[in-house]
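> fold the stuff below for me.
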Amino acid sequence: MDGQLSRKGAAWPGLASGRYLSGLLLLGALSGCGWGGGDQAGDTLEAIQESGELRVITRNSPTTYYYGRDGEKGLEYDLARRFADELGVDLKLVVIDDFGEILDALAKGKGHLAAAGLTVTRKRKERFAFGPSYQSVQQQVVCRRGGEVPREWEDLPGVDLLVLEGTSYVERLREIRQVMPDLAWRETGKLSTEQILEKVWRGEVDCTVADSNIVALNQRYYPELVVAFPISEEQELAWALPKGSEALRAKLREWFGELAAQQELAAIRDRYYGHVTIFDYVDIATFQRRITSRLPRYKHLFRKVAEGYPAFSWELLAAQAYQESHWRPRAKSPTGVRGMMMLTLTTARSLGIRNRLDVRNSIRGGAEYLARMYERLPEAITEPDRTWIALAAYNVGMGHIWDARRLAERAGRDPDSWNTLKDMLPKLSQRQYYKDLPYGYARGTEPVKYVRRIRQYFQILERRFSQEGLDFQTDQAS
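Below is the predicted model of the structure:
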């Protein structure tokens with residue numbers, strides 16, 4: 001889809017609504033239907049502010065911009081929206097499907113900048129200026145576990161290697177071929193990087209090349225994908241600007257510097273990647289199997305209970321239940337917690353539940369207890385942090401959440417951010433930190449792991465059972 005989406009916080013075609021809506025214009029092919037033309041290289045920061053809009057070229061993918069259950073999402077989208085707010089202008093997104101057309105569109109003046117998970121490379125720097133780096137990635141050769149997996153560069157000749165054309169992957173492979181003349185690969189412009197990864201997972205292609213952040217996300221859905229080896233050093237992702245946009249580039253440097261200093265940049269990255277830092281193949285592969293073998297027996301119960309708790313989707317409750325009991329209604333721990341949601345006897349009694357092994361009651365009790373944690377949190381805590389912190393409180397107790405918030409305030413960090421609290425909670429097991437706190441010692445690493453795993457399960461379930469057809473369908477490349 002090539003399109004122009006106009007609002008502070010862009011809208012998706014057919015769903016444009018709300019107080020920020022200022023217009024919606026679908027485009028034909030970029031080559032035949034230009035809009036807002038002119039050479040953007042001469043635009044100054046002052047001109048953008050006077051026009052009242054920041055035009056940002058991006059793409060539809062889980063690592064950049066997509067329309068999720070609760071509206072627009074994506075790391076690039078969050079950053080672009082914040083930057084537009086910083087400038088006091090509307091955000092106008094130009095969404096382009098074909099990755100190879102993104103930089104061409106920028107060169108033709110279709111936007112003030114491109115925020116599309118772009119790797120800064122030597123060739124690209126010859127054509128464009130770049131803002132500050134906001135994330136580091138590494139190009140990786142990805143194959144299927146149990147298939148033909150090369151172990152080093154010298155093993156690549158003879159491997160069926162399929163990559164997306166027009167990307168930095170091709171640029172890097174051409175560099176390698178200068179010293180390895182036998183290296184060969186196929187290129188496609190018809191598939192996304194994610195679709196190529198799926199073909200590798202299905203065994204239809206031996207291997208591909210993808211950025212480490214894209215691989216980390218997709219291993220949750222295709223757990224047999226395995227990283228063979230990297231083919232690049234760490235590379236920086238940054239926004240591309242037409243050369244000559246020095247005022248805008250200077251403003252970007254200043255703004256990104258403030259985001260980093262205030263820990264907001266780290267918080268945004270955590271929102272999309274905080275749960276994928278560690279990949280446990282056995283755990284994820286087992287979870288995927290149990291979605292088919294166990295979940296169907298209980299899915300209708302999760303759906304029914306979630307109707308009474310609008311803050312929680314059924315997928316979230318199911319993800320939490322899997323973390324608690326692996327969807328086993330008669331689960332029991334050595335400490336005496338029982339049932340699908342592993343309720344303590346005291347908690348069950350406070351919720352009016354007599355039989356913790358009754359599946360419906362257990363799910364309802366878990367949802368009610370989570371809702372109580374959710375409601376006790378300060379109003380200043382917004383989503384998605386509010387849900388993650390409530391889950392941590394479910395696991396470790398609200399008192400220790402208050403203590404972690406105290407530590408955050410002492411450290412001069414945001415106590416309303418899960419990115420902050422996940423750093424503070426492990427400190428509750430260290431005497432120098434907990435000795436003067438009201439609730440004392442806690443095994444603070446456990447709620448951090450607890451939330452991380454639930455986030456992984458939740459993301460897998462949400463993608464697998466999304467019925468709206470609006471969530472991301474493809475990913476591209478850098």
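
> strands of the stretch 201-350 of the chain, start to end?
Secondary structure of the stretch 201-350 of the chain (DSSP state E, counting those that start in this stretch): strands located at 207-211, 225-230, 235-237, 240-242.

> pick the most deeply packed of the ones you listed.
With neighbours taken as mean count of other C-beta atoms under 10 Å, these reach their highest mean count in strand 207-211, at a mean of 28. In this view, the C-beta of every residue, glycine as well, is placed from N, C-alpha and C.

> please name every helix or strand in contact with that one.
Using 3 or more C-beta pairs under 8 Å, 6 or more residues apart in numbering; DSSP states H and E as the contact definition, the elements that strand 207-211 packs against are strand 139-144, strand 162-164, helix 168-177, helix 193-201.

> switch the cut-off to 7 Å
strand 139-144, strand 162-164, helix 193-201 (3 or more C-beta pairs under 7 Å, 6 or more residues apart in numbering; DSSP states H and E).

> could you give the angle of it to strand 139-144?
Interaxial angle, strand 207-211 versus strand 139-144 (axes from the mean of the first three to the mean of the last three C-alpha atoms, to 10 degrees): 140 degrees.

> neighbouring contacts of strand 207-211?
137, 139-143, 159, 161-163, 169, 193, 196-197, 200, 228, 231, 477-478 (C-beta atoms under 7 Å, 6 or more residues apart in numbering).

> kindly report the same for stretch 76-83.
In contact with stretch 76-83 (C-beta under 7 Å, 6+ apart) are residues 9, 54, 56, 58, 64-65, 91, 115-117, 134, 255, 268.

> try stretch 372-391
271, 311, 320, 370, 393-394, 398, 401, 416-418, 421, 450-451, 454.

> what comes up buried for that stretch?
Residues of stretch 372-391 classed as buried under the neighbour-count rule (16 or more other C-beta atoms under 10 Å) are Arg372, Met373, Tyr374, Leu377, Ile381, Asp385, Arg386, Thr387, Trp388, Ile389, Ala390, Leu391.

> tell me which two of these sit farthest apart.
Arg372 and Asp385 (17.6 Å; C-beta to C-beta).

> neighbouring contacts of stretch 331-345?
321, 324-325, 327, 329, 353, 356-357, 359, 362-363, 365-366.

> which parts of that stretch are buried?
Ala331, Val337, Arg338, Gly339, Met340, Met341, Met342, Leu343.

> also stretch 124-136?
Quick answer for stretch 124-136 (16+ other C-beta under 10 Å): Arg124, Phe128, Ala129, Phe130, Gly131, Pro132, Tyr134, Gln135.

> of the strands of the stretch 201-350 of the chain, which is nearest Gly100?
Of the strands of the stretch 201-350 of the chain, nearest to Gly100 by C-beta to C-beta is strand 240-242, at 13.8 Å.

> which other helices and strands does the closest one contact?
helix 102-107, strand 113-114, strand 128-130.

> just put the ones you listed in TSV and tack on mean pLDDT and distance to Glu76.
Conversion of these to TSV gives the following (pLDDT from 0 to 100; distance: least, C-beta to C-beta, whole Å):
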stretch	mean pLDDT	distance to Glu76
helix 102-107	92	11
strand 113-114	94	10
strand 128-130	94	14
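
> can you redo these as CSV with distance to Ala84?
Listed next are the helices and strands packed on strand 240-242 as CSV, based on distance: least, C-beta to C-beta, whole Å:
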stretch, distance to Ala84
helix 102-107, 17
strand 113-114, 11
strand 128-130, 19
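
> please save the CA atoms from stretch 164-173 in PDB.
What follows is stretch 164-173, C-alpha atoms only, in PDB (Å, rounded to 0.1, in the frame of the first residue of the first chain):
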ATOM      1  CA  LEU A 164      15.100  -9.200  -0.300                       C
ATOM      2  CA  GLU A 165      16.300  -7.000  -3.200                       C
ATOM      3  CA  GLY A 166      17.300  -3.400  -2.600                       C
ATOM      4  CA  THR A 167      18.400  -3.900   1.000                       C
ATOM      5  CA  SER A 168      21.600  -3.500   2.800                       C
ATOM      6  CA  TYR A 169      21.800  -7.300   2.900                       C
ATOM      7  CA  VAL A 170      22.500  -7.300  -0.900                       C
ATOM      8  CA  GLU A 171      25.000  -4.500  -0.400                       C
ATOM      9  CA  ARG A 172      26.900  -6.600   2.200                       C
ATOM     10  CA  LEU A 173      26.800  -9.800   0.200                       C
END
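
> just how off-centre is it within its chain?
Distance of stretch 164-173 from the chain centroid (C-alpha atoms, centre = their mean, to the nearest Å) equals 23 Å.

> closest to Asp155 out of the strands of the stretch 201-350 of the chain?
strand 225-230 (8.3 Å).

> contacts for the closest one?
Contact with strand 225-230 is made by 138-145, 149-152, 197, 200-201, 207, 215, 218-219, as judged by C-beta under 7 Å, 6+ apart.

> quick one, which of the residues you listed are buried?
Neighbour-count burial (16+ other C-beta under 10 Å) is assigned, among these, to 139-144, 149-150, 197, 200-201, 207, 215, 218-219.

> any idea which of these is the one closest to Glu246?
Among those, Gln139 lies closest to Glu246 (C-beta to C-beta), at 30.1 Å.

> wait, the closest one sits on Arg172?
Yes: look at Gln139 against Arg172 with C-beta atoms under 7 Å: they come within range, at 5.7 Å.

> you'd agree Gln138 is up against Ile231?
No: between Gln138 and Ile231 there is no contact under C-beta under 7 Å: 8.5 Å.

> ok, which pair from the contacts of stretch 372-391 is furthest apart?
Among the contacts of stretch 372-391, the pair separated by the greatest distance (C-beta to C-beta) is Arg271 and Met398, at 22.8 Å.

> give the rounded mean pLDDT of the helix or strand hosting Glu375.
In the assignment (DSSP states H and E), Glu375 maps to helix 359-376. For helix 359-376, mean pLDDT is 96.

> would you tell me what the next helix or strand after that helix is?
Heading C-terminal from helix 359-376, the first helix or strand you meet, by DSSP H and E, is helix 385-396.

> what mean pLDDT does that next one have?
For helix 385-396, the mean per-residue pLDDT is 96.

> cool, and stretch 341-353?
Confidence over stretch 341-353, taken as the mean pLDDT, stands at 91.

> compute the first-to-last residue distance for it.
Start and end residues of stretch 341-353 are separated by 12 Å (C-alpha to C-alpha, to the nearest Å).

> for the chain, which element, helix or strand, carries the lowest mean pLDDT?
Least confident helix or strand, the chain: strand 21-26 with a mean of 28, by mean pLDDT, DSSP states H and E.

> tell me how many other residues crowd the closest residue to Ala184 other than its chain neighbours.
Nearest residue to Ala184, sequence neighbours excluded (C-beta to C-beta, 6 or more residues apart in numbering): Pro157, at 6.8 Å. Neighbourhood size, Pro157 [other C-beta atoms under 10 Å]: 14.
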